[in-house]
Each structure stands twice: as structure tokens, then as C-alpha cells.
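Novice: okay, structure incoming, though there's no sequence with it:
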């Protein structure tokens, strides 16, 4: 099955109840199996500009490249698959574009953005992220985080300074230790995960997970897995009911079937005829 | 701005200590930041480590230990108005951050400058402690406002309580549904969660959601939509009133508030 037929993608973004504008950006392209979400920061409209650049660079560049290449192609030098390589290179490219814009235009000085992106191919998802926008996975009844925040709080949790329960009480939320566009270079974190039919992937900005407990996110995804548009609406509504202090964006990806890349010449030929 | 400890004994305030250093020690000996000259207090009794707006209390293997809010403690994440007891002495932790004086500061996402270039992803994972130390040093090298790269998010917005200390959204009155027909007749289901699922997956599913201003029923899946008081619902959430009768997958149930 082609990726586009095997996955269902739904997204929604909302400014929240307090903020006057939305600095989050989302993009999705079912044909190449790509989802991207970014949460911008910076004065005036710089946050929107930063997240917008990040999302459009990553989405357009990757999808364009995949028109005449397969994400499973391996780079001869590094042995890395094209999928992972594209994600890393284009997050870096977005970083360079934002950094350059921030350097050359005073009103954009200091702007930056988080990013989380998933590229689905060959029964896998390669995930790239920078900052505290997250990817979660619901498999069966279990909700797990796929990404680990690049934040002070996460580092404190990892270092054993503070327990996960206590972290909710911390006043040091919202301090990210990595962001796109702040420095000349950035190191995106890239991991590849196997997917299973039935999995639901949630990409969100911190406006969701700061306002809604993981338990309620799990309950919503589990109860509404057959109706993704309703699930996105419910998640955003819960964030807003709890105060909606930040922009809140949600992308849901449901895996409905296998999408292995055809192997062997016969399968490739068959696939070529179906194009 | 900075949090502080207020030292008192027998109800009389002795001194206030602003927590303006990354690490402040409490003990009997003169080199401590907070000196309590009493034989029940160990030479180096405890330390308070402050990282931006969070402070942590740690017992330094003292002879007589310490209590926080009446509980003996080795390590504690201090919250506003916590009372630390060392022998007859009391130290009250007061954090002005919770007084909502400057909520804008930490509502915004901010960048904490960390050395990016060295941070190869694998190295970072295997060496979490080292990377933590790096950040900690970074954060405390200069006063908090300087260490944090403020990328000042947008225009001012109304002051709101910080996420951590905000009172939970008001929850509506307790409610329940009681099954009226079928094998489970008489069974009561208390709606204690924000989201309760009704029905059979694959056949007909609806959820009852608890929101600040009441309970709502929403159709999730199935060819048939649920009915409330004999009227079939659309795709939109429908607010429930006391004693509404819900019909779902052939089962009738009554919704009511518990007084």
C-alpha cells in the first residue's frame, strides 16, 4: 500500500484563550507521508515568521526531493537512509534561513522556533525534533512520548534532580535548550521507529501538553481513535477549557495499513505501472 | 524577586536570607551562608540549590536531620510557604514567583543558551549528567535574567496564573449515569473522569466529556447516532441536563447530577 493510502492525517491549530496571535505552524503532505509542526518565538510577528519558514522549508524540500527518490535509498558515504538524511539536512536548512533572516532584519532579531517532524515510509517513521514540541504514540492502550524535550526541565529529570511528578510544579517550564534559528548551526535529534497498524501518532506544541494531562490525552486518543477530526477538536478544547494559555496545535496520524516499500524487480515493476 | 528563607525561633523572626546564590549552605560553622549557632545543628547541615525559579533543599547527612512541613526529609523540591525545621529553628521558604508578580516572564518559551555545536545527539544521551551540569553552570553564571536569552514573545497579555500554580479549572457538579434497560439495569456509572466512553467499539461509541461548564455527549463512531430524550443527535457535542435520558446501541440510561 502507498503511504498516502495507509495513513490518515488530521491537524488543527488554535491561538488559545489568552494570546492574540498564533505562532504555531503546521504542514502535512499525505503523498510523501510527511507531517511537520513548529512553535515559534520572537517579538511582534517574528514567532510566526520563524515557525512558518521552518515548516515550509522542511515540507517543500523533502516532498520535492522524494518525487524522484525513495526515502529508503542509502547514502553511499554515510550508509544513512535518505529519509533520515533529508529530515536532518532540511531542519538545518531551515535553521540557516531563519538565522539569516534574523541577522539581516532587525524586527526578526532573536526569533526562533521548535520543530517536530515525522516522515512515514516503509512501515517506519523517522522523527526529527528540536526543542519542546513533542511526538506521542498511542499503541494499544498505551500512550508514550516518542521525543524527549530539549528543555531545562527534561535535563533536570534526566539528571535525577527532580521527579516527573515534581516537574509539574516547576516554575522553569518553557525553557528550551535547543531551538531552530537561534544559532548559526543546530543539531536536530533524529530517530527511526517501527510503526504498527493501529498506531496513532500525535504531534503537538507545548500548548497542549502543558495544559492537558497525559492521562486525558490518552483517554481522548483511545476513545476517539475511529474519529480523528473529533479527537483533534477534543484535545484543543481540553487545552482551552484548562486555560488555553498558549497556542495549541495538534497533528494526528493514524496508521491504517502496511506501507512497506516494494522490494525485488517484479514488485518494483508492478509499483511503477501503478504510478 | 528572588525567593528567600525566613529564619525564626519560637515565633520570633531572626533574619531573612534571599536565595541569590546557586548553592547556599545552612549549618553551625561560620563559613555557611546561613549560620545557626546551636549544638543541635550540624557543622554543615543542609543546602539549598536554586536553578532559576526552582529551589531544592538537601540534607547534608546531618546528625539530627530536618523536617519539611512536619515530615522528615532528605531531599525536597521547595514550594512557596514550605516550613523547614532544624531543631528548634524554623526556616520558611517564600517564593515571590508564585505571587504572580511577573507571570509574563515564564509563560513565554525562552531559549536557554547551551553549547549547540558540541552537542552530538548520541554523546548527549550517554552523558546526560554532564550536559545537565553544563546547563546548570550556564544558567547560574550570571543573574537569571541575563542567562536566559529573552526572545520576548509578542505583546502584553492579561496577567494569568502560571501553569504550575494555577488552580485547576473549575469542575462541574458531580454527575452519573444509570442504566435503565438491558442486563445491566440499575447499574450506576459515576462520571469521575474528564472523558467517559459509552457503547461498543465498532458498533456505536459516544463519549461523555466533563467540561468546566457542564457535561457533553458526543457521537464518535457507528452508523447510528445516540439519542437524548428521544431526539437523535448530530455530530456536534450536546450538553446534558439533569435527568436527560440517553439511548445508545439499544440501551437507555439516565444522566443526573449528584447533589
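Specialist: Done, it's in. Keep in mind it's a predicted model, so treat the numbers as computed, not measured.
Novice: could you say which helix or strand holds the residue of the stretch 1-150 of chain A found nearest chain B?
Specialist: Per Cβ to the nearest Cβ, residue A:110 is where the stretch 1-150 of chain A lies closest to chain B, at 4.4 Å. (C-beta placed from N, C-alpha, C; glycine too.) Here residue A:110 sits in a region with no helix or strand, counting by DSSP states H and E.
Novice: give the buried residues for the host helix or strand of residue A:203.
Specialist: Per DSSP H and E, residue A:203 falls inside strand A:200-204. Buried residues in strand A:200-204, counted by 16 or more other Cβ atoms under 10 Å in any protein chain shown: A:200, A:201, A:202, A:203, A:204.
Novice: Throw these into CSV and include pLDDT, thanks.
Specialist: Shown next, in CSV, are those (pLDDT from 0 to 100):
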residue, pLDDT
A:200, 97
A:201, 98
A:202, 98
A:203, 98
A:204, 97
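Novice: return the member of these nearest to residue A:90.
Specialist: residue A:203 (16.3 Å; Cβ to Cβ).
Novice: quick one: that closest one and residue A:128 touch, right?
Specialist: No. Between residue A:203 and residue A:128 there is no contact under Cβ atoms under 8 Å: 11.3 Å.
Novice: shared neighbours of the two, anything?
Specialist: Shared contacts of residue A:203 and residue A:128 (Cβ atoms under 8 Å, 6 or more residues apart in numbering or on different chains): A:116, A:117.
Novice: now the helices for the stretch 101-250 of chain A?
Specialist: Remark: helices assigned in the stretch 101-250 of chain A by DSSP state H, counting those that start in this stretch are A:152-158, A:164-167, A:206-209, A:214-223, A:228-241.
Novice: pick the most buried one from those.
Specialist: helix A:206-209 (a mean of 25; mean count of other Cβ atoms under 10 Å in any protein chain shown).
Novice: quick revisit: phi, psi of the residue of the stretch 1-150 of chain A closest to chain B?
Specialist: phi 80, psi 0 (degrees, to the nearest 10).
Novice: could you do residue B:188 as well?
Specialist: phi -110, psi 140.
Novice: any idea which element the residue nearest to it when sequence neighbours are not counted lies in?
Specialist: Leaving aside its sequence neighbours, residue B:188 sits nearest to residue B:178 (Cβ to Cβ, 6 or more residues apart in numbering or on different chains; 4.8 Å). Assessed by DSSP H and E, residue B:178 sits inside strand B:175-179.
Novice: then residue A:87?
Specialist: Judged by DSSP H and E, residue A:87 forms part of helix A:82-104.
Novice: what is that helix packed up against?
Specialist: Counting by 3 or more Cβ pairs under 8 Å, 6 or more residues apart in numbering or on different chains; DSSP states H and E, the packing neighbours recorded for helix A:82-104 are helix A:46-65, strand A:112-121, strand A:124-130, strand A:189-194.
Novice: how about the ones you listed in TSV, adding mean pLDDT?
Specialist: Shown next, in TSV, are the helices and strands packed on helix A:82-104 (pLDDT from 0 to 100):
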stretch	mean pLDDT
helix A:46-65	95
strand A:112-121	96
strand A:124-130	97
strand A:189-194	96
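Novice: around chain B, pick out the residues from the stretch 51-200 of chain A.
Specialist: For the stretch 51-200 of chain A, the residues in contact with chain B (Cβ under 8 Å from any Cβ of the partner chain) are A:110-112, A:114, A:131-132, A:152, A:155-156, A:158-159, A:161-163, A:166, A:168-179, A:182-183, A:185-190.
Novice: thinking again about what came up before, how about the next helix or strand after the strand holding residue B:178: buried residues?
Specialist: Using DSSP H and E, the helix or strand that directly follows strand B:175-179 along the chain is strand B:188-190. Buried residues in strand B:188-190, counted by 16+ other Cβ under 10 Å: residue B:189.
Novice: go on, stretch B:211-220?
Specialist: Buried positions in stretch B:211-220, judged by neighbour count with 16+ other Cβ under 10 Å: B:211, B:215, B:216, B:217, B:218, B:219, B:220.
Novice: which of those residues are close to chain A?
Specialist: Checking the buried residues of stretch B:211-220 against chain A by Cβ under 8 Å from any Cβ, the ones in range are B:211, B:218, B:220.
Novice: does the last one belong to a helix, a strand or coil?
Specialist: Looking back up the chat, that one is residue B:220. At residue B:220 the chain is in strand, as set by DSSP: H, G, I helix; E, B strand; the rest coil.
Novice: related to what we said a few turns ago, what helices or strands is the strand holding residue B:178 leaning on?
Specialist: Going by 3+ Cβ pairs under 8 Å, 6+ apart, strand B:175-179 lies up against strand B:188-190, strand B:251-257.
Novice: who touches the last one?
Specialist: Applying Cβ under 8 Å, 6+ apart, the external contacts of strand B:251-257 come out as B:173-182, B:184, B:189, B:198, B:208, B:215, B:240-247.
Novice: burial count for the residue lying closest to residue A:114 once chain neighbours are set aside?
Specialist: Excluding its sequence neighbours, the residue lying closest to residue A:114 (Cβ to Cβ, 6+ apart) is residue A:131, at 2.8 Å. For residue A:131, the neighbour count with other Cβ atoms under 10 Å in any protein chain shown is 30.
Novice: wait, doesn't residue A:131 sit right on residue A:175?
Specialist: No. Between residue A:131 and residue A:175 there is no contact under Cβ under 8 Å: 10.5 Å.
Novice: which residues do those two both contact?
Specialist: Common neighbours of residue A:131 and residue A:175 (Cβ under 8 Å, 6+ apart) are A:151, B:109.
Novice: list the beta-bridge partners for residue B:67.
Specialist: Note on residue B:67: beta-bridge partners by DSSP bridges are residue B:72, residue B:85.
Novice: tell me which residues touch it, please.
Specialist: B:73, B:84, B:85.
Novice: compare the residues you listed and tell me which is most surrounded.
Specialist: residue B:84 (22 neighbours).
Novice: please name the nearest non-neighbouring residue to it.
Specialist: Counting by Cβ to Cβ, 6+ apart, residue B:91 is the residue found nearest to residue B:84 once chain neighbours are left out, at 4.2 Å.
Novice: which residues does whatever helix or strand that neighbour lives in contact?
Specialist: Element membership for residue B:91 (DSSP H and E) is strand B:89-94. Strand B:89-94 is contacted from outside by B:3-9, B:26, B:34, B:36, B:38, B:41, B:55, B:57, B:78-85, using Cβ under 8 Å, 6+ apart.
Novice: right, I'll call it a day here.
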